[in-house]
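Q: attaching a predicted model along with its sequence, questions to come.
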Amino acid sequence: MIEKALKGGRGYWTWIAFLLVVIGFGVTAYIRQLTLGLGVTGMGRDISWGVYIAQFTFLVGVAASAVMLVLPYYLHHQKAFSKIVIVGEFLAVSAALMCMLFILADMGRPDRVLNVMLYPSPHSMVFWDVMVLNGYLFLNLISGWAVLGAERKGVPPASWVKALIYISIPWAFSIHTVTAFLFAGLPGRHLWLTAVLAPRFLASAFAAGTSILILLTFILKRVANFDAGSEARTKLAVLGSYAGLANFFFLGTEFFTAFYSNIPSHMHTMQYLYFGLEGHAPLVPWMWLSLIIGLVSVGMLLSPPLRRKSGALVAACIGMVVSIWIDKGVGLVIGGFTPTPLEQIVDYMPTSTEITVTLGIWCIGMLVLTLLLKTAITVKQQA
Amino acid sequence: MNKFNQFLVALVAGVAVFVAVGFFLIAGHRGSASLTAADVVAQTPAAVGKGAPVDSAKCIMPVDYMRAHHMQVLDKWRKDSVRKGTRTFVNPEGAHFDKSLNTCMGCHGSNPMFCFMCHEYANVKPTCWNCHLSPMEVPQ
Amino acid sequence: MNQNRREFLRKAGLGALAGLGAAAGLFPAFALENTDLSVFSDKPVEGKVRWGMLIDTRKCLGDCTECIVRCHHDHNVPDFGKSKSEVKWIWKSEYEEAFPTASAQFQSPEVEHRRFLTLCNHCAEPPCTKACPTEATFRRWDGIVSMDYHRCIGCRFCMAACPYGSRSFNWEDPRPHVKELSNTYPTRMRGVAEKCNFCSERLVKNELPACVESCPQKALTFGDLNDTNSELRKLLAANQTMQRKPELGTLPSVFYII
């Protein structure tokens, strides 16, 4: 079926070429990082994870959010999602792939990556994360591909596919829970050391993920003449709005616990992120931007007349994605390291090499997504 | 041919392929490195008794064995001394050695080119000297 | 695809898998290189010894850096000249940096300005070894939290997990930044984590850690925390001491007299 991705118009090939060029820049930057070491990034002994791990965290959420389509469609027979379930599954595949690439880009010795399998360490959350992410990628790729193949031949999918799909539903929750546990089990990092981190991760993932799915349906309608239907979009918008609401509720509880208890270590990172700490406030404008556009977007998605208007829906979805990308992709990881265990405040700024590698990986993900969706849509339009 | 016969033929073919591959791999290995630890024990006289000095004028194992297996020995020694804390190696002759690169360098360090000559010739590029001080770098 | 061909390929695949299993059983050497040289006589008893240290900060005064210089020289610790890439095994910190959760209001000005030696605590419950996905960092039989530089994948989870900032990462190739190569310990490679090893390479030779030996004021006491008769345990029993961030349950093996 993949041959269907090799036939396309001028716009399609221009997009592919653009992605390949950016990937080329990314690969060049990565080779520079491989030769000179991670010292070419903005990371250092105090802020020892940066944009790579932040993107990873955000994208695990995007991957998990495929369940927002799979669960209603397969467990509750929501026929409105029949056309776009495959979009969700393939989005999950490309997001999980990007996650793994970001982990690889962040490693000091990527040549030894298989040590994670050679010396399996169940006490380490990384081990579990590698397991569940790989599993999730293949669950979605295989089940999505098999359902599509069956659809092409006009036959119902094989019975084992259903089993894989049912497994993928709890699995989606597990990938983001384990990702939260990567952070939430570390003593002495108080922004992360909170039981509400995993639920909050899931809530923000479902908010951002459904928004990305809605935006994808608009893009596909425009460039591929493939309309998922406004009913599917509205239902997704409702799911996204409540997930977003839950996310901000959890954030509010974090504020309450930190500031009402008045425990310095619990307050410090929140102060650094939202108000500035000892004169260091590099992320304050970002965090407030995230908070304000996030709340406005949730409000817009909650309002039935607004979410039925295409323009307002697109705006709200973009707002949602940006808000959560800043929150998870900037504030959470970088903020978590401040103050350092020795009570110092160190600012972090990614370098151009780091940003180029990041863009390259995003473009690899978008390339894979483009090829998969092109195949899926061609099959669906011919069926 | 019915399905069961088909299955049997396929199974036999698969087993045959792997037996053959296994045989050639092992035969090839035996051919290239003629001595294994077991062979060494058979060839050398019985152990003279324990308590031999840690620093020995003789190598821990015969030259042929070391040529073929020094990398495995070093890797095993490293794992034992770093991870398990079992630092004493007793060779088949009963001589005791500290499992350390320093034991090797105690003798071979006197020729700074010892490692490099062979590795250059065989075009192998081990990464040992990225961290360990090579005999050429050790302040004499 | 032809139905028969597909069937055949599927069965051949099953056959091949069965063959692989059979082959591994028939030829043990196929799976394992025949170099088992294990003749052990000296396996250490797990947990018998627990190395620890007591730092008498009343004796460790002024700008003395003897132990830091000696340790960093002996272990080929590089100096990059910038805090971003800094590698450190032992260093001096302010009271508020070393003991942020034991801060005292209205502290005596002398203690407030005193600088405290900080190093890896060799915790009995180390968060770093728990976080490590390859067991490249692990708690040894003698309580030392050790590093296996040959196995480390450079994920820096240990750095995120350590609540004491005791771990460093080789952001760049360290070799060119070692001022004077010492042959007492290897250097490290780019891309691995590192930290204080309680001088395990010296303990093997029955020598005290370099920092303890080099202290002109004899402010550092090293010994076995499990041995009730050790000098260390006697000092711990006789003095009021502190550990860093005890509320985290890491059970540090480094103690301080303030």
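A: Cool, the structure landed.
Q: let me know the pLDDT of whichever residue of the stretch 51-200 of chain C sits closest to chain A.
A: Using Cβ to the nearest Cβ, residue C:154 is the residue of the stretch 51-200 of chain C that sits closest to chain A, at 2.0 Å. Yep, even glycine has a C-beta here, placed from its N, CA and C like the rest. Confidence at residue C:154, expressed as pLDDT, is 95.
Q: what residues of stretch A:12-29 count as buried?
A: Neighbour-count burial for stretch A:12-29 flags A:15-16, A:19, A:22-23, A:26, A:29 (criterion: 16 or more other Cβ atoms under 10 Å in any protein chain shown).
Q: mind listing residues that contact it?
A: With Cβ atoms under 8 Å, 6 or more residues apart in numbering or on different chains as the test, stretch A:12-29 has contacts from A:8, A:223, A:352-354, A:356-361, A:363-364, A:366-367, A:370, A:374.
Q: so which of those residues belong to strands?
A: Counting by DSSP state E, no part of these is found in strands.
Q: which stretches of chain B form strands?
A: Using DSSP E, strands in chain B cover B:88-90, B:96-98.
Q: now tabulate those strands in TSV and tack on mean neighbour count, mean pLDDT and distance to chain C.
A: Below are the strands of chain B laid out as TSV (neighbours: other Cβ atoms under 10 Å in any protein chain shown; pLDDT from 0 to 100; distance: least, Cβ to the nearest Cβ, whole Å):
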stretch	mean neighbour count	mean pLDDT	distance to chain C
strand B:88-90	20	89	5
strand B:96-98	19	90	8
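Q: one step back: phi, psi for the closest residue to the residue of the stretch 51-200 of chain C closest to chain A other than its chain neighbours please.
A: Spatial nearest neighbour of residue C:154, excluding adjacent residues (Cβ to Cβ, 6 or more residues apart in numbering or on different chains): residue A:108 at 2.0 Å. Torsion angles at residue A:108 (phi, psi; degrees, to the nearest 10) stand at phi -70, psi -30.
Q: repeat for residue C:54
A: Here is the backbone geometry of residue C:54 (degrees, to the nearest 10): phi -120, psi 130.
Q: next up, the contacts around it.
A: Residues near residue C:54 by Cβ under 8 Å, 6+ apart: C:220-221, C:232, C:235-236, C:241, C:254-257.
Q: now it: how far from chain B?
A: 24 Å (Cβ to the nearest Cβ, to the nearest Å).
Q: with residue A:46 instead?
A: Remark: distance between residue A:46 and chain B (Cβ to the nearest Cβ) = 25 Å.
Q: what's the first helix or strand after the helix or strand that contains residue A:116?
A: Per DSSP states H and E: residue A:116 is located in helix A:115-118. Downstream of helix A:115-118, the first helix or strand assigned by DSSP H and E is helix A:125-153.
Q: is the nearest residue to residue C:242 once chain neighbours are set aside in a helix, a strand, or coil?
A: Leaving aside its sequence neighbours, residue C:242 sits nearest to residue C:256 (Cβ to Cβ, 6+ apart; 4.7 Å). Here residue C:256 is recorded as strand under DSSP: H, G, I helix; E, B strand; the rest coil.
Q: so what's residue C:256 bridging to?
A: Applying DSSP bridges to residue C:256 gives these bridge partners: residue C:55, residue C:242.
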